[in-house]
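> with the input below, show me the fold.
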Amino acid sequence: MPMNENVITLRFTDRAAAYQALSGLRHLNAASTEVLGAVLIERLEDGAVRVTEGVDGVAGRNAAADACIAHAPADGTVILSEVRETGTDTLDMLALWYGAALKRLPADSVRGGLHAVERAADSTGKEEARRTGAAERAEAARKSSDGVAVLRQMSAA
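Residues are numbered from 1 along each chain as shown. Presented below is the predicted three-dimensional model:
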């Protein structure tokens, strides 16, 4: 059976269950599932976000984790994990055991989406820099012409 690379999110309402599930991922020993990396993301009551390294590997603090931060529910917890699996039963059962809502996406589609977001952010930043540069040049030209006008007035007096 072929191995599929997936990115999974496990959403929890109970923070303690999330930490237990992270420990379960850390010690998972299943022939059908290999955890490449995992990170636990909490949105605290005050709105702050805390990222806890979970399982060493690919899904540590990277763009995927950063992208997932926005989806952490208020006063809730999410585990983001990259896995290889031949079947879905192992992680489906883990989610059921710890009371988590599981979402599974092919890793390639997630990576493609992240690259698209990075490209869009890069082009937005470049456009903003162009606008800022144009505005700064216009302001410098205005100040220069104002300065010339003041000098003309002073020399005429």
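> for the protein, what spans make up the helices?
Chain-ordered helices for the chain, with DSSP state H as the definition, fall at 15-26, 63-69, 89-98, 107-156.
> tell me the mean pLDDT for the shortest one?
Meaning helix 63-69. Averaged over helix 63-69, pLDDT sits at 52.
> and what of stretch 92-110?
89.
> contacting residues around it?
Stretch 92-110 is contacted from outside by 4-14, 17-18, 20-21, 24-25, 28, 64, 79, 82, 88, 91, using Cβ atoms under 8 Å, 6 or more residues apart in numbering. C-beta: built from backbone N, CA, C; applies to glycine.
> so which bits of it are buried?
Leu94, Ala95, Tyr98, Ala100, Leu102, Arg104, Ala107, Val110 (16 or more other Cβ atoms under 10 Å).
> quote the end-to-end distance of that stretch.
The first and last residues of stretch 92-110 sit 20 Å apart, counting by Cα to Cα, to the nearest Å.
> ok, now stretch 93-110?
End-to-end for stretch 93-110, by Cα to Cα: 23 Å.
> and Leu44, what are its phi and psi?
Backbone geometry at Leu44, expressed as degrees, to the nearest 10, gives phi -80, psi 170.
> with only the CA atoms kept, save the longest strand along the chain in PDB.
Longest strand in the chain, counting residues (DSSP state E): strand 33-43. What follows is strand 33-43, C-alpha atoms only, in PDB (Å, rounded to 0.1, in the frame of the first residue of the first chain):
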ATOM      1  CA  THR A  33       1.600   5.900  10.300                       C
ATOM      2  CA  GLU A  34       4.900   7.900  10.600                       C
ATOM      3  CA  VAL A  35       4.800  11.300  12.300                       C
ATOM      4  CA  LEU A  36       7.300  13.600  10.500                       C
ATOM      5  CA  GLY A  37       6.700  16.500  12.900                       C
ATOM      6  CA  ALA A  38       4.100  18.200  15.000                       C
ATOM      7  CA  VAL A  39       3.600  21.400  16.800                       C
ATOM      8  CA  LEU A  40       1.000  22.500  19.400                       C
ATOM      9  CA  ILE A  41      -0.500  26.000  18.900                       C
ATOM     10  CA  GLU A  42      -2.500  27.600  21.700                       C
ATOM     11  CA  ARG A  43      -4.500  30.800  21.600                       C
END
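> re earlier: which of the buried residues of stretch 92-110 sits closest to Gly37?
Nearest to Gly37 among the buried residues of stretch 92-110 is Ala107, at 11.1 Å by Cβ to Cβ.
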